[in-house]
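[1] Make a model of this:
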Amino acid sequence: MKCRVVFVGATNGLHSPMAEAMLKWLDSEHFEARSAGTICGELHPLAVQVLKEIGIDLGQALPKSVQQLPDEEFDYVITLGERAPSYDRIFASAQIIHWKFENADAPDDADKQLRRFRMLRDQILQRLRLFVLVHVRPRTTSEPATLSTVATAR
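    Below is the predicted model of the structure:
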């Protein structure tokens, strides 16, 4: 059975769709990923560009709000951004996690903004790789999936 993850951001236009697309790209065999925002915004064009640089096409993704998600159960709700966004929906059985990332906007300098988006992409990807490693590596049934078990697996 796949681990079900929903990534929640403020507008579903930057962090959360990037994380959804990258988790699907990394390991769609073990994970089912969705994304949503507390409100439905627009997909940031630089998010599309920096993912395309690593071979992920985000161009057809349509941002959605948390309320637009199907009535599904999730194992993890991962919020992303500078602060954990608040949302009205209850994810009863999900473990809630917040991944803090700085805002990638630098409206006064296009080159600097692109560098920030690339850095954000790489930071999210690094976190996702660790998340996958922790949740997929073989372990005994009595051993919980924690970050401390990753250190002993090396």
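[2] CA only for contacts and neighbour counts going forward, please
    OK.
[3] which residues in this structure form strands?
    With DSSP state E as the criterion, the chain has strands at 3-9, 31-37, 76-81, 95-100.
[4] Including mean neighbour count and distance to Leu43, could the ones you listed go into TSV?
    Shown next, in TSV, are the strands of the chain (neighbours: other C-alpha atoms under 10 Å; distance: least, C-alpha to C-alpha, whole Å):
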stretch	mean neighbour count	distance to Leu43
strand 3-9	23	12
strand 31-37	23	11
strand 76-81	21	15
strand 95-100	14	19
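[5] want to throw those strands into TSV with mean pLDDT and distance to Gln126?
    Listed next are these as TSV, based on pLDDT from 0 to 100; distance: least, C-alpha to C-alpha, whole Å:
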stretch	mean pLDDT	distance to Gln126
strand 3-9	95	15
strand 31-37	95	16
strand 76-81	94	14
strand 95-100	94	12
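[6] Turn these into a markdown table, including distance to Phe131.
    Output for these, formatted as a markdown table (distance: least, C-alpha to C-alpha, whole Å):
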| stretch | distance to Phe131 |
| --- | --- |
| strand 3-9 | 11 |
| strand 31-37 | 11 |
| strand 76-81 | 11 |
| strand 95-100 | 11 |
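[7] closest to Met22 out of those?
    strand 31-37 (9.3 Å; C-alpha to C-alpha).
[8] What is the least confident helix or strand in the chain?
    helix 147-153 (a mean of 40; mean pLDDT, DSSP states H and E).
[9] Closest to the centroid, which residue in the chain?
    Ala19 (2.9 Å; C-alpha atoms, centre = their mean).
[10] which of the residues in the helix of greatest length in the chain are buried?
    Across the chain, the helix with the greatest residue count (assigned by DSSP state H) is helix 110-136. Buried residues in helix 110-136, counted by 16 or more other C-alpha atoms under 10 Å: 113-114, 116-118, 120-121, 124-125, 128, 132, 134-135.
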